[in-house]
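Student: just need the structure, nothing else, for what follows:
(chains A and B)
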Amino acid sequence: MTKQWLRSSLYLLLAGLLVAGCASPQPEPTEPAVDPVETPDTTPAPEPPPEPPAFNAKGNPYVPGTTRLLNRTFYFDYDRAVIKPDDLAALETHATVLRNNRDRSVVIEGHCDERGTREYNLALGERRSDAVRSFLTSAGVSPAQIETVSYGEERPEDPGHNDSAWSRNRRAILIYR
Amino acid sequence: MSQMEKFYRTPWMLCLTLLLSLTANAAETLDTIIIDTGYDKQTRIAVVPFRQGPEFSDRQQMSDIVSFDLARSGQFAPLDSENMLSLPTRREEVFFRDWRVLGVEYLVIGTTAVEPSGNLGVSYQLYDVFNERVMKGETISARRTHWRDVAHKISDEVFEAITGIRGAFSTRLLYVLATNAGSPSARFSLEVADSDGERSRTLFSSDEPLLSASWSPDAQTVAYVSFETGRPAIVLQDVNSGVRQRLTQFTGINGSPVFSPDGRQLAMVLSRDGNPEVYVMNLADRRLRRITRHHGIDTEPSWSPDGRHLIFTSDRGGHPQIYQVELATNFIERLTFVGDYNARARLLPSGKHLVFVHRRQGVFHIAWQHLERDDLRVLTKTSLDESPSIAPNGTMLIYATQDQGRGILAVVSIDGRVRYRLPSSSGDVREPAWSPFIDTLGRGS
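Tutor: Model (predicted):
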């Protein structure tokens, strides 16, 4: 788990360096020699397709280059605050979105199922939101863009009292601002 | 079976009927109390309907309240008034033979009057039937609106005269009522009610969670956690005036506020330094002192009765267990060793025993243990039990549990033998906090 997490972070770090490399100053392109006589052309050059928006009207990010919303809810195992391997890719994308949009910030909510005491669950919920925050800051997101709040067991997604409800309630949610 | 035996074999049904009639028209948050068990050998008492003046409606019979208080303790089997052979309200009308024949050990009679001041004057006497003597007798004067408080006060006096233990009927319950939990229209309110669940009123309500309410030792102030701004804050609120003040809103958790026994300090949990730690705030100057220093979770502090120790939950050993810290030295020792989940402990008034949430085979119960021995005893038979709060006389505790998917409050005696439930008709009730002793007839209204 930790290894994979480190590897993901490393990839992100490399990706970041590559992006930085692309952005480094390029030699000024020389003015191309252009024939001053315009060649008559009735069909104008096709417009490049418009850049798809990064966020929907509610401010939630799309999967870059698509109109599919990026998953913002990540579930946890009972009594655990470890991000599941399957969620790393989506969280990496969140990191990219936040790095590319420094004016945007995110609140990470931590939640628990109803089992156990309420204040202990507040602490456990905070561990979950902290786990997501650590991942994002390791991936280059500025800590200033992140706020965390634990709701413990107070805001269940599913008010039921069974395993399926509990598994839906153990979660961290990214709220974009 | 004799008629007499029949009366006493079904005392709980009688009480239930009695309470149903008491609350029939009341729009209370907490419903009819359902008594599940009592002691095998209960003291037989008769509380005769008081001779009440026209200032009372037919529904308001003080003897019903006294009978029901005593029944709830599990130690008394009050005789239903329908089975009484006579209904005395004055000493001259008491024929001890009538009560002996019914097996009644103690008798309470009373009358009410409106005093020249306009106050209500309630006179009552408690008799020892076998010895044919008055054990207790007095006149209580109070504002007329306090007639229920007078009844609870009589219950306290009768209970103490017979058992030697101070009664805790003149107390209040603080709890959180959540409606539409788990939906966007969820609503949270902090409620206060009499110890029998009557006269509930809302202290504060919010669309955001409220939790961890606790009483100041003088019962004038409550502290709780409110998410009303979208982030947790510890709030103090005056019970009578309703005036609120936000005490803390640090980054991270602001939780578990608990007043010290002298009321001058508030223990709390803050994660402003990176993870949840126990702090103590001096309320006079708001200075904070950090008590725990550990990368694990430290939370749910509670004071020892002498104010020299805090007990708290920590997962520093890998699982949540109860620890104790001596405030003078910061010396920490672990108190619980049975099971892999013990949390949110409260000490009994003696300071020698604690009650806490204990997980056994995946099910959460309330358990009891001696401070220095692992003689753990599970007190509750329900599941998802949490938030134990002890009555100020140390005989009972109230806790939150689930009944048919709904959050309800339940009470169990410290020996685990008496139980009753206080369900709610509207939403989930949770996180009860039993008040300290209150002078309900004085300023603490």
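
Student: when you work out contacts or count neighbours from here on, use the C-alpha atoms and nothing else.
Tutor: Fine.

Student: residues of stretch B:50-67 that come out buried?
Tutor: Within stretch B:50-67, the residues that qualify as buried by neighbour count (16 or more other C-alpha atoms under 10 Å in any protein chain shown) are B:50-52, B:61-67.

Student: now stretch B:224-236
Tutor: In stretch B:224-236, counting by 16+ other C-alpha under 10 Å, buried: B:224-227, B:231-236.

Student: what's the answer for stretch B:151-160, then?
Tutor: Neighbour counts over stretch B:151-160 (16+ other C-alpha under 10 Å) mark B:151-159 as buried.

Student: same check on stretch A:54-62?
Tutor: In stretch A:54-62, counting by 16+ other C-alpha under 10 Å, buried: A:54-55, A:60-62.

Student: for these, which one is nearest chain B?
Tutor: A:Asn60 (18.7 Å; C-alpha to the nearest C-alpha).

Student: contacting residues for that closest one?
Tutor: Taking C-alpha atoms under 8 Å, 6 or more residues apart in numbering or on different chains, we find A:Asn60 in contact with A:69-70, A:175-176.

Student: now do the SS call for the spatially most central residue of chain A.
Tutor: With distances taken as C-alpha atoms, centre = their mean, A:His94 lies nearest the centre of chain A, 1.2 Å away. When classified by DSSP: H, G, I helix; E, B strand; the rest coil, A:His94 comes out as helix.

Student: hmm, back to that, columns pLDDT and distance to B:Glu138 on top of the buried residues of stretch A:54-62, output as a markdown table?
Tutor: Below are the buried residues of stretch A:54-62 laid out as a markdown table (pLDDT from 0 to 100; distance: C-alpha to C-alpha, whole Å):
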| residue | pLDDT | distance to B:Glu138 |
| --- | --- | --- |
| A:Ala54 | 86 | 78 |
| A:Phe55 | 91 | 75 |
| A:Asn60 | 93 | 70 |
| A:Pro61 | 94 | 73 |
| A:Tyr62 | 93 | 76 |
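
Student: what's the farthest-apart pair in those residues?
Tutor: A:Ala54 and A:Asn60 (8.3 Å; C-alpha to C-alpha).

Student: now A:Ile146. Its backbone dihedrals?
Tutor: Main-chain torsions, A:Ile146, degrees, to the nearest 10: phi -120, psi 130.

Student: that one reaches A:Val106, doesn't it?
Tutor: Yes: the criterion here is C-alpha atoms under 8 Å, and A:Ile146 meets it with A:Val106 at 5.1 Å.

Student: still on that earlier bit, among the buried residues of stretch B:151-160, which are in helices?
Tutor: Here DSSP state H is the test, and the buried residues of stretch B:151-160 give B:151-159 as lying in helices.

Student: how about the residues of the stretch 151-300 of chain B that lie near chain A?
Tutor: Taking C-alpha under 8 Å from any C-alpha of the partner chain, the part of the stretch 151-300 of chain B that reaches chain A is made up of B:181-183, B:209, B:212, B:231, B:252-253, B:255-256, B:275-276, B:297, B:299-300.

Student: what about 10 Å?
Tutor: B:178, B:180-184, B:186, B:188, B:208-212, B:227, B:230-232, B:251-256, B:269-271, B:274-277, B:296-300 (C-alpha under 10 Å from any C-alpha of the partner chain).

Student: quick one on the thing from earlier: drop anything exposed from the contacts of A:Asn60.
Tutor: Buried by 16+ other C-alpha under 10 Å: A:70, A:175-176, out of those.

Student: can you list the residues of chain A near chain B?
Tutor: Of all the residues in chain A, those lying near chain B are A:79, A:114-127, A:130, A:147-151, A:153-162, A:169, going by C-alpha under 10 Å from any C-alpha.

Student: again, only using 6 Å
Tutor: A:155-159 (C-alpha under 6 Å from any C-alpha of the partner chain).

Student: helices and strands of chain A: which one bottoms out on pLDDT?
Tutor: One helix or strand of chain A scores below all others by mean pLDDT, DSSP states H and E: helix A:2-23, with a mean of 43.

Student: could you list the low-pLDDT ranges of the stretch 1-150 of chain B?
Tutor: Along the stretch 1-150 of chain B, the model assigns pLDDT under 70 to residues B:1-29, B:31-32.

Student: hmm, back to that, can you add distance to B:His370 and secondary structure and give the residues of chain A next to chain B back as a markdown table?
Tutor: Shown next, in a markdown table, are these (distance: C-alpha to C-alpha, whole Å; DSSP: H, G, I helix; E, B strand; the rest coil):
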| residue | distance to B:His370 | secondary structure |
| --- | --- | --- |
| A:Arg155 | 35 | coil |
| A:Pro156 | 35 | coil |
| A:Glu157 | 39 | coil |
| A:Asp158 | 38 | coil |
| A:Pro159 | 36 | coil |
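
Student: looking at the residues you listed, which is nearest B:Gly242?
Tutor: Distance to B:Gly242 across these (C-alpha to C-alpha) is lowest for A:Arg155, with 26.1 Å.

Student: ok, now which ones touch the nearest residue to that closest one once chain neighbours are set aside?
Tutor: Excluding the flanking residues, the one nearest A:Arg155 by C-alpha to C-alpha, 6 or more residues apart in numbering or on different chains is B:Gly182, at 5.8 Å. Going by C-alpha atoms under 6 Å, 6 or more residues apart in numbering or on different chains, B:Gly182 touches A:155-159.

Student: from these, which one has the minimum pLDDT?
Tutor: Taking the contacts of B:Gly182 together, the minimum pLDDT is found at A:Pro159 (91).

Student: look up how far A:Leu70 lies from the residue of chain B found nearest chain A.
Tutor: For chain B and chain A, the shortest gap (C-alpha to the nearest C-alpha) falls at B:Gly182, measuring 4.8 Å. Separation of B:Gly182 from A:Leu70 (C-alpha to C-alpha, to the nearest Å): 23 Å.

Student: so B:Glu92 belongs to a helix, correct?
Tutor: Yes: checked against three-state DSSP, B:Glu92 lies within a helix.

Student: walk me through the domains of chain B.
Tutor: B:3-163, B:173-434 (automatic domain parsing).

Student: packed most tightly, which of the ones you listed would that be?
Tutor: Most buried of those, by mean neighbour count (mean count of other C-alpha atoms under 10 Å in any protein chain shown): domain B:173-434, with a mean of 20.

Student: and that one, end to end?
Tutor: One end of domain B:173-434 sits 5 Å from the other (C-alpha to C-alpha).

Student: chain center to it: distance?
Tutor: 13 Å (C-alpha atoms, centre = their mean, to the nearest Å).

Student: B:Thr43 bridge partners, please.
Tutor: Counting by DSSP bridges, B:Thr43 is bridged to B:Phe76.

Student: isn't it right up against B:Phe76?
Tutor: Yes: counting by C-alpha atoms under 6 Å, B:Thr43 does reach B:Phe76; the two are 4.6 Å apart.

Student: which ones are touching B:Ala233?
Tutor: So B:Ala233 contacts B:225-226, B:248-249, B:254 (C-alpha under 6 Å, 6+ apart).
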